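**Q** No letters, just coordinates:
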């Protein structure tokens, strides 16, 4: 597959055209950002870890019936994906209180919910990705009612599967963000990535944070935390 011109560069990835109009190459970076880009830095080795971990999990999810944009891993940082039109909704699933949820509602971190919660935010950097509900999404024509129901169904299924995958390696899945896209025929598929950048992951025994909160909160040991998740997940 031929990598052609760069189409886009985001906070964590670059996207390139290919010789196939229905496929793109995503290249993961070591750049790290937090608080809507206000805090910037570098997490050495993050690009490789996030690429390989995300691909590993996407393959496992595909086997369990969750359609994804994943096609083929080309290298440590580069992956071929199906070209999608991203639905401008960030989908956040929460199993345990943490981060903005705890701050917003004035509760302690670490409260295990009886059932997972779901939130949508409008994917718009200029507005700071504000929280919205499904009625707002319909009013703004971000997605149809059917698409929103499909996204919710897949999001909760991904949560059930990821919780199981992480439990196997001694990690609690606290919360995580997903993005979905439309293929050229309108089919909704899971897109973006699943990594310590997009998930809160705590060691189930020590509750040590093994995700980007170590960068956000200046806890140190960021690279070690990412590598630990990768090592457990890939059995390396």
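**A** Okay, I see it. The structure displayed is predicted, hence computed values, not measured ones.

**Q** When you work out contacts or count neighbours from here on, use the C-alpha atoms and nothing else.
**A** Noted.

**Q** ok, now which ones touch residue 99?
**A** Contact partners of residue 99, counting by C-alpha atoms under 8 Å, 6 or more residues apart in numbering, are residue 109.

**Q** show me where the chain has helices.
**A** Assigned by DSSP state H, the helices in the chain fall at 46-63, 99-105, 134-139, 145-167, 213-216, 222-234.

**Q** Among those, single out whichever gets nearest to residue 22.
**A** Shortest distance between residue 22 and those, using C-alpha to C-alpha, is found for helix 46-63: 18.6 Å.

**Q** So which elements touch that closest one?
**A** In terms of contacts (3 or more C-alpha pairs under 8 Å, 6 or more residues apart in numbering; DSSP states H and E), helix 46-63 is packed against strand 23-28, strand 70-73, helix 222-234.

**Q** residues in contact with it?
**A** Counting contacts by C-alpha under 8 Å, 6+ apart, the residues touching helix 46-63 from outside are 12, 27-31, 67-68, 70, 73, 76-79, 158, 161, 193-197, 223, 226-227, 230, 233-234.

**Q** Name the residues of that helix that come out as buried.
**A** Of the residues in helix 46-63, 46-59, 61 count as buried by neighbour count, 16 or more other C-alpha atoms under 10 Å.

**Q** tilt between it and helix 145-167?
**A** Relative orientation of helix 46-63 and helix 145-167, computed by axes from the mean of the first three to the mean of the last three C-alpha atoms, to 10 degrees: 110 degrees.

**Q** Mind listing the strands the lowest-mean-pLDDT helix or strand in the chain pairs with, and their directions?
**A** Least confident helix or strand of the chain, by mean pLDDT, DSSP states H and E, is strand 31-34 with a mean of 83. Strand 31-34 has the following sheet partners, assigned by DSSP bridges: strand 39-42 (antiparallel).

**Q** Residue 204: how many residues sit nearby?
**A** 15 (other C-alpha atoms under 10 Å).

**Q** for it, what are its contacts?
**A** Going by C-alpha under 8 Å, 6+ apart, the list of residues near residue 204 reads 170, 171, 172.

**Q** ok, back up a step: give me the buried entries from the contacts of helix 46-63.
**A** Neighbour-count burial (16+ other C-alpha under 10 Å) applied to these gives 12, 27-31, 67-68, 70, 73, 77-79, 158, 161, 193-197, 223, 226-227, 230, 233.

**Q** For residue 88, see how far away residue 123 is.
**A** Going from residue 123 to residue 88 by C-alpha to C-alpha, to the nearest Å gives 5 Å.
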